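Enquirer: Have a look at this fold, sequence not included:
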C-alpha cells in the first residue's frame, strides 16, 4: 500500500495534510513537527479527494484558534 502525503496549508504551528491511498483520502489537522498521533488535532476520512479539498477550504477559512 502506497500512501501519499500532501501539505494543503499551514497556519502558525498547525498544518493540514491530505494522505491518500487507493481506498480514499484522509484529512489531518496536526501540530507541525509532531511525529506521534498525539499531535493530530483532527482526522477525517473521505471517499474522494474533491470532498476532502472542500472540507480543507472550510477549515482554512474558519478560525483555527481552537486547534492552537
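Expert: That came through, no problem. Note that the coordinates shown come from a computational prediction; the quantities given were computed from them, not determined experimentally. Numbering: from 1, shown residues only.
Enquirer: going forward, measure contacts between C-alpha atoms and count neighbours the same way
Expert: Will do.
Enquirer: Can you name the residues that contact the one residue sitting closest to the centre of the chain?
Expert: The C-alpha lying nearest the average C-alpha coordinate of the chain belongs to residue 28 (Cα atoms, centre = their mean; 2.6 Å). Shown in contact with residue 28 (Cα atoms under 8 Å, 6 or more residues apart in numbering): 16, 17, 18, 19, 40, 41, 42, 43, 44.
Enquirer: Spit out the contact partners of residue 16.
Expert: Counting by Cα under 8 Å, 6+ apart, residue 16 touches 7, 8, 9, 10, 27, 28, 29, 30, 56.
Enquirer: Which one of those residues is nearest to residue 48?
Expert: Ranked by distance to residue 48 (Cα to Cα), these are led by residue 27 at 11.0 Å.
Enquirer: Who is residue 43 paired with across the strands?
Expert: When assigned by DSSP bridges, residue 43 has beta-bridge partners residue 28.
Enquirer: hang on, the earlier thing: for PyMOL, write the select line for the buried members of the contacts of residue 16.
Expert: Buried subset of the contacts of residue 16, written as a PyMOL selection, criterion 16 or more other Cα atoms under 10 Å:
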select buried, resi 8+27+28+29+30+56
